[in-house]
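Trainee: any chance you could fold what I've pasted below:
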Amino acid sequence: VDATDLNLEESFLTHAGIAHTRWATHGEPATRNSHPQTSGAENEFLVVHNGVVTNHEVLKQTLIRHGFTFESDTDTEVIPKLAKYVFDKFNEDS
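Mentor: Numbering: from 1, shown residues only. Predicted coordinates:
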């Protein structure tokens, strides 16, 4: 998608997803650390991630200050929670 074609004001009525699971590389081997990681109880955002979020501790502390809770020890969990925070903030300001 060309950046000039991206319309953040547009509403989408469809949902898309990719099914995949992954065992965590951060944190102990446990169900709570396996992927996908979620944005919260409503599962608005789910992420399977193969990489490292180098600043995940800073992001995690920031999100905790904004009321988010964390279930896992993985760096990936900050991604869906950050997406939810940005999404909610954008909709709140609209």
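Trainee: and the longest helix along the chain, how far out from the chain middle?
Mentor: Taking DSSP state H as the criterion, the chain has its longest helix at helix 78-93. Between the centre of helix 78-93 and the centre of its chain there are 9 Å (Cα atoms, centre = their mean, to the nearest Å).
Trainee: and for stretch 68-77?
Mentor: Counting by Cα atoms, centre = their mean, stretch 68-77 comes out at 9 Å from the chain centroid.
Trainee: so which bits of it are buried?
Mentor: Buried residues in stretch 68-77, defined by neighbour count with 16 or more other Cβ atoms under 10 Å: 68, 72, 74-77. Where you see a C-beta, it was placed from the backbone N, CA and C, and this is true even at glycine.
Trainee: I'd assumed residue 77 was in contact with residue 64.
Mentor: No - at 11.5 Å, residue 64 does not count as touching residue 77 under the criterion of Cβ atoms under 8 Å.
Trainee: anything in contact with each of the two?
Mentor: residue 70 (Cβ atoms under 8 Å, 6 or more residues apart in numbering).
Trainee: picking up where we left off before, could you dump the buried residues of stretch 68-77 to JSON lines with pLDDT and secondary structure?
Mentor: Shown next, in JSON lines, are the buried residues of stretch 68-77 (pLDDT from 0 to 100; DSSP: H, G, I helix; E, B strand; the rest coil):
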{"residue": "68", "pLDDT": "96", "secondary structure": "coil"}
{"residue": "72", "pLDDT": "92", "secondary structure": "coil"}
{"residue": "74", "pLDDT": "90", "secondary structure": "coil"}
{"residue": "75", "pLDDT": "92", "secondary structure": "coil"}
{"residue": "76", "pLDDT": "92", "secondary structure": "coil"}
{"residue": "77", "pLDDT": "95", "secondary structure": "coil"}
